[in-house]
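Colleague: have a look at this fold, sequence not included:
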């Protein structure tokens, strides 16, 4: 043991034997200054080898390398360690092997070197381990004590902070309460002053308002007096304006009536008709100005000047039109005398031809009836009318049919200026007239008696030349010489189209439309003639007339003459054709059976009897005759039976026994639908001796409700 200690002491006295601590090695902050000891247990062998080498060199007489005589360096303080940059520490750690402390022991005696090597290693390793363990425990105890002290300090500081916060909160509440009291006192003081100020202002306002009210009353009185004077002056000017407007209207109305009654307007010069139309437009413009002035309660000098100018110009135009009409009438009388003789001859020839054609057709029907009569064992009933009487009646019917078609053509030709207007203003006027006709006509329904009466009244007022309202403006048929005639022809055409477009799909709608048509017919007989002309042109079977095919007549012309629609070289399908004919016939039958009360019906059940008796004296046509007979009897049969009683029963018997056989004979295979419906209706009528009231008919209860 003494030898080991002596070796260690000798090692400590040598220049390489002193232990050094490296400041550049970063072992870790938790190890403290003890961790910076660079002598490690695993390096002991190298140290001993170095000592052995150096001892050998000293024995051989070599001088040792000079080293720092410092020996062991004291550990640096934590402040000193913290000032070193970490990059330097990491760099030192990488080269720690080269910078390890080297212990140079003094040269031992030669005899003890080998025996003491192992003991030195063991002793040095044990000493170092014990020292590191003691130092580590000391560092841990120091760290734990410091942590406890820090926690105690933090707890104390937190308690102090809580106490200071509580004190500050109490002071804040106290200051807030003081501030609120101060504000309340200030507001109370100011409120008293404000109340006094408000009372003073209210008193000043009352005095000012009283003064202003007195001034306002004086101004109102002055303004009222001034307005009365202005109104009196405006009313005087308005009376003058209305008087001039009435004179202009009277002149224009007289001129329009003269042109309407004059049937040869095409003989008048074009400038005369244009002047007449311009006079009507001037009068309409003046009427609008007067209406605006009446609504405004006064007029202006410009409007008065316009009225005077319009009146003078209308009177000049009236004089010009009267002279032109008188001249045209004189020329027409001369031309009529010349053409009368030729027309009489032409009419005589046409009547003779029609009579011969009707006679041939009647003879054929009589021959067929005679054949059927011979084949039958029992004698069928015959009509009370003789053959000659039927021919006379049918000839008159055909003549009337021709006259109606000629009248319709003339009417359509005369209305071309309005039907196809070239002037934009005239086109707009014609469009307004169309709306005035279409709007009430399309709105007709069986909703109530007042509804039907209202639509009839609107149409009658239009045809009378009164103003009617159309799309928030007023329109009159007196604004153009041809306007009334145009409206009559348009109304008749639209009535017929209602049968095609509406009644064909809704059978009950025929009765309110027929009621309005009869009402217009009673007021304006020429509308009824135009309506019958349109009926005959669209459905010649209402005449009744079955147009034969003429020599050289094309298919299109032939089918059109029979009422078919012909488009793009293709004739209308039979079912659509029968549906259109059914709608027209139902409207015609509804007109025939319409009850007019004590007033005379313009086309009543007597015409229905004539039509039915004429049909059964003509050869039937496939599908058409059966369809129209069914529709006519279903709509008007009840009224005919009520009017003619037993005579109508006889007519039905003839229809069932004689004419129905002819209908079956001309009916093709697979086309018996109309025939079956007619057969069912006739069997029910013969069995019950009555015809049911048509559904939708307007009875007396409807008109009194």
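Modeller: That came through, no problem. Predicted, not measured: the structure shown is a model, and the values here were computed from it.
Colleague: now the element after the helix or strand residue 327 falls within, going C-ward?
Modeller: Element membership for residue 327 (DSSP states H and E) is helix 301-375. Once the chain leaves helix 301-375, the next helix or strand it forms, by DSSP H and E, is helix 387-414.
Colleague: tell me what that next one is packed against?
Modeller: Secondary structure elements in contact with helix 387-414, counted by 3 or more Cβ pairs under 8 Å, 6 or more residues apart in numbering; DSSP states H and E, are helix 301-375, helix 483-498, helix 525-538, helix 605-615. For every residue, glycine as well, the C-beta is placed using N, CA and C.
Colleague: going by mean pLDDT, which of those comes out lowest?
Modeller: Looking at those, the lowest mean pLDDT belongs to helix 301-375 (a mean of 67).
Colleague: wait, what's in contact with residue 628?
Modeller: 541, 581-582, 585, 615 (Cβ atoms under 8 Å, 6 or more residues apart in numbering).
Colleague: among these, which ones are in helices?
Modeller: Judged by DSSP state H, the subset of the contacts of residue 628 located in helices is 581-582, 585, 615.
Colleague: taking the residues you listed, tell me the two that lie furthest apart.
Modeller: Across the ones in helices among the contacts of residue 628, the longest distance by Cβ to Cβ is 15.2 Å; it joins 582 and 615.
Colleague: what's the most distant pair in the contacts of residue 628?
Modeller: That would be 582 and 615, which, of the contacts of residue 628, are the farthest apart (Cβ to Cβ) at 15.2 Å.
Colleague: what about these two, which has more around it?
Modeller: Ranked by neighbour count (other Cβ atoms under 10 Å), residue 582 and residue 615 place residue 582 first, with 23 against 19.
Colleague: setting aside sequence neighbours, what's the nearest residue to the more buried one?
Modeller: In this structure, residue 582 finds its nearest non-sequential neighbour in residue 631, 5.1 Å apart by Cβ to Cβ, 6 or more residues apart in numbering.
Colleague: any stretches of the stretch 51-200 of the chain with poor pLDDT?
Modeller: 51-52, 54-117 (pLDDT under 70).
Colleague: how about the strands in it?
Modeller: Using DSSP state E, counting those that start in this stretch, the stretch 51-200 of the chain contains no strands.
Colleague: ranges for the helices of it?
Modeller: 78-82, 86-94, 113-261 (DSSP state H, counting those that start in this stretch).
Colleague: off-centre distance for stretch 183-200?
Modeller: 62 Å (Cα atoms, centre = their mean, to the nearest Å).
Colleague: also stretch 684-691?
Modeller: In this view, stretch 684-691 has its centroid 53 Å away from the chain centroid, taken as Cα atoms, centre = their mean.
Colleague: likewise for stretch 533-550?
Modeller: With Cα atoms, centre = their mean, you get 45 Å for stretch 533-550.
Colleague: contacting residues around that stretch?
Modeller: Contacts of stretch 533-550 (Cβ under 8 Å, 6+ apart): 357, 397-398, 401, 404-405, 407-408, 492-493, 495-496, 500, 558, 561-563, 580-581, 584-585, 588, 611, 614-615, 618-619, 621, 624-625, 628.
Colleague: filter those residues down to the buried ones.
Modeller: 397-398, 401, 404, 408, 492-493, 495-496, 500, 558, 561-563, 580-581, 584-585, 588, 611, 614-615, 618, 621, 624-625, 628 (16 or more other Cβ atoms under 10 Å).
Colleague: quick one on the thing from earlier: any idea whether the residue nearest to residue 582 is helix, strand or coil?
Modeller: Secondary structure state of residue 631, per DSSP: H, G, I helix; E, B strand; the rest coil, is helix.
Colleague: contacting residues for it?
Modeller: Residue 631 makes contacts with 582, 585-586, 589, as judged by Cβ under 8 Å, 6+ apart.
Colleague: distance to residue 319 and pLDDT for these - can I get that in CSV?
Modeller: As requested, the contacts of residue 631 are arranged in CSV below (distance: Cβ to Cβ, whole Å; pLDDT from 0 to 100):
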residue, distance to residue 319, pLDDT
582, 55, 93
585, 51, 95
586, 52, 94
589, 51, 95
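Colleague: a markdown table please, covering those residues and showing distance to residue 339.
Modeller: Compiled in a markdown table, the contacts of residue 631 are given as follows (distance: Cβ to Cβ, whole Å):
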| residue | distance to residue 339 |
| --- | --- |
| 582 | 42 |
| 585 | 38 |
| 586 | 42 |
| 589 | 40 |
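Colleague: from those, which single one is nearest residue 331?
Modeller: residue 585 (44.5 Å).
Colleague: okay but that closest one is in contact with residue 630, surely?
Modeller: No - between residue 585 and residue 630 there is no contact under Cβ atoms under 8 Å: 9.2 Å.
Colleague: look up how far residue 672 lies from residue 576.
Modeller: Distance of residue 576 to residue 672, computed by Cβ to Cβ, to the nearest Å: 19 Å.
Colleague: more neighbours: which of these two?
Modeller: residue 672 (15 against 12).
Colleague: how close does that one get to residue 679?
Modeller: 9 Å.
Colleague: any idea how many residues pack against residue 634?
Modeller: Neighbour tally, residue 634, other Cβ under 10 Å: 20.
Colleague: buried ones in the helix or strand containing it?
Modeller: If you go by DSSP H and E, residue 634 is part of helix 624-644. Within helix 624-644, the residues that count as buried by 16+ other Cβ under 10 Å are 624-641, 643-644.
Colleague: any buried residues in the next helix or strand after that helix, and which?
Modeller: Sequence-wise, the next helix or strand downstream of helix 624-644 (DSSP H and E) is helix 646-654. Judged by neighbour count (16+ other Cβ under 10 Å), helix 646-654 contains these buried residues: 648, 651-652, 654.
Colleague: so can I have JSON lines of those showing pLDDT?
Modeller: Listed next are these as JSON lines, based on pLDDT from 0 to 100:
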{"residue": "648", "pLDDT": "91"}
{"residue": "651", "pLDDT": "90"}
{"residue": "652", "pLDDT": "90"}
{"residue": "654", "pLDDT": "89"}
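Colleague: tell me the one among those nearest to residue 553.
Modeller: Comparing the buried residues of helix 646-654 against residue 553 with Cβ to Cβ places residue 654 closest, at 33.5 Å.
Colleague: my read: the closest one touches residue 616, true?
Modeller: Yes - with contact defined as Cβ under 8 Å, residue 654 reaches residue 616; the gap is 6.3 Å.
Colleague: the residue nearest to residue 607 when sequence neighbours are not counted: neighbour count?
Modeller: Spatial nearest neighbour of residue 607, excluding adjacent residues (Cβ to Cβ, 6+ apart): residue 592 at 6.0 Å. By the criterion of other Cβ under 10 Å, residue 592 has 23 neighbours.
Colleague: distance of residue 592 from residue 335?
Modeller: 40 Å.
Colleague: what is the burial count for residue 545?
Modeller: Neighbours of residue 545 (other Cβ under 10 Å): 19.
Colleague: then residue 258?
Modeller: Using other Cβ under 10 Å: residue 258 sits among 17 other residues.
Colleague: let me know the pLDDT of residue 441.
Modeller: 92.
Colleague: dump the residue contacts of it.
Modeller: 455, 459, 491, 494-495, 498, 516.
Colleague: would you mind measuring from it to residue 570?
Modeller: Distance from residue 441 to residue 570, counting by Cβ to Cβ: 31 Å.
Colleague: quick check: which element contains residue 469?
Modeller: Using DSSP H and E, residue 469 falls in strand 468-470.
Colleague: who does that strand pair up with?
Modeller: strand 473-475 (antiparallel) (DSSP bridges).
Colleague: buried residues, the partner strand. List them.
Modeller: Buried, per 16+ other Cβ under 10 Å, within strand 473-475: residue 475.
Colleague: for it, give me every contacting residue.
Modeller: 429, 432-433, 435-436, 462, 467-469.
Colleague: as JSON lines, the residues you listed with pLDDT and neighbour count would be great.
Modeller: Below are the contacts of strand 473-475 laid out as JSON lines (pLDDT from 0 to 100; neighbours: other Cβ atoms under 10 Å):
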{"residue": "429", "pLDDT": "90", "neighbour count": "21"}
{"residue": "432", "pLDDT": "91", "neighbour count": "18"}
{"residue": "433", "pLDDT": "92", "neighbour count": "24"}
{"residue": "435", "pLDDT": "92", "neighbour count": "14"}
{"residue": "436", "pLDDT": "92", "neighbour count": "28"}
{"residue": "462", "pLDDT": "92", "neighbour count": "24"}
{"residue": "467", "pLDDT": "89", "neighbour count": "18"}
{"residue": "468", "pLDDT": "90", "neighbour count": "23"}
{"residue": "469", "pLDDT": "88", "neighbour count": "11"}
